[in-house]
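**Student:** For reference, the sequence and a predicted model appear below.
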Amino acid sequence: MAKRTLEQLINRDEPAITLIQDWIGAAENQCDVLPPSNENEEVLLEIQVTTRSPLGALAYETGGVMIDHGWLRFLGSGHPKLRRTLSEWNRGRNSGLCLVADDAVGGFFAINGGTLGEDIGNIYYWPPDRLEWEPLDFGFTDFFCWSLTSELAGFYDGLRWPNWKLDIQDLHGDQCFCFFPFLWTKEGSVTGSLRRAIPVAETFDLKVDIIQQLQQGEK
């Protein structure tokens, strides 16, 4: 199947960025919309999603969106505060899914492309305190809108500590906190584990390696 051209991907009649701007204008959480980088056309061409959809609009019209003081990060075309682009971040990591966002404690959000369940198109969360992906029972647009509401704080109940806002002030968008003991162990907790900032990629790849080792041990 031939890839769509830039002209076919950019929707000038019904651009979703206008909806995104309205949603952010009414947001209950603090938001930082990063301006798009000069890679935005390449990113859009690679992901092949039109700007009529919120996902395509975020990829083309923004460098990413950082929500709730940078706790939750939606990927776009890259920015000094969030260098990872939506397309680059998925290279080698998108077997049957599309990673679209992540958080300050090493949790990852992805659109199910078929490898996570039969609900293709829905969002799954890979929490820092679990080794399995969990379905969230909504699609990307509802996920983005939900992230702007006060429900986000309740979702992270148990994964935040009293001074989290202060501690993430200097956390780069391409970093997250790593906890030792790991949060998915009996000994791990956000208040009791040693916490340090490491690259998001290191956290993701480490978790993949651990799961592969566990699966090999079961054989």
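**Tutor:** Looks like it arrived, so ask away.
**Student:** Could you check how far Glu61 is from Arg12?
**Tutor:** 12 Å (Cβ to Cβ, to the nearest Å). In this view, the C-beta of every residue, glycine as well, is placed from N, C-alpha and C.
**Student:** An error on my part: the question was meant for Lys81.
**Tutor:** To Arg12, Lys81 is 28 Å away according to Cβ to Cβ.
**Student:** Please say which of the two ends up with more neighbours.
**Tutor:** Between Lys81 and Arg12, counting by other Cβ atoms under 10 Å, Lys81 is the more crowded of the two (15 against 8).
**Student:** That one contacts Pro35, doesn't it?
**Tutor:** No - between Lys81 and Pro35 there is no contact under Cβ atoms under 8 Å: 10.3 Å.
**Student:** where along this protein do the strands fall?
**Tutor:** Along the chain, the segments classed as strands by DSSP state E run 31-34, 64-67, 72-75, 97-103, 108-112, 122-126, 134-139, 175-180, 194-199.
**Student:** Give me the distance from the lengthiest helix in the chain to the chain's centre.
**Tutor:** If you go by DSSP state H, the chain has its longest helix at helix 200-218. Relative to the centre of its chain, helix 200-218 is centred 19 Å away, using Cα atoms, centre = their mean, to the nearest Å.
**Student:** That helix to strand 122-126, inter-axis angle?
**Tutor:** Counting by axes from the mean of the first three to the mean of the last three Cα atoms, to 10 degrees, helix 200-218 lies at 80 degrees to strand 122-126.
**Student:** Next, the buried residues of helix 200-218.
**Tutor:** By 16 or more other Cβ atoms under 10 Å, the buried positions in helix 200-218 come out as 200, 203-204, 207.
**Student:** Just give the number of residues close to Glu28.
**Tutor:** Applying other Cβ under 10 Å, we find 12 residues neighbouring Glu28.
**Student:** for the closest residue to it other than its chain neighbours, phi and psi?
**Tutor:** Distance criterion Cβ to Cβ, 6 or more residues apart in numbering; nearest residue to Glu28, sequence neighbours excluded, is Ser150 at 4.8 Å. In terms of degrees, to the nearest 10, the main-chain angles of Ser150 are phi -70, psi -10.
**Student:** these two touch, right, Ser150 and Asn29?
**Tutor:** Yes - counting by Cβ under 8 Å, Asn29 is a contact partner of Ser150 at 7.4 Å.
**Student:** of these two, who's got more company?
**Tutor:** Asn29 (17 against 9).
**Student:** and that one, what does it touch?
**Tutor:** 67-68, 147-150, 152 (Cβ atoms under 8 Å, 6 or more residues apart in numbering).
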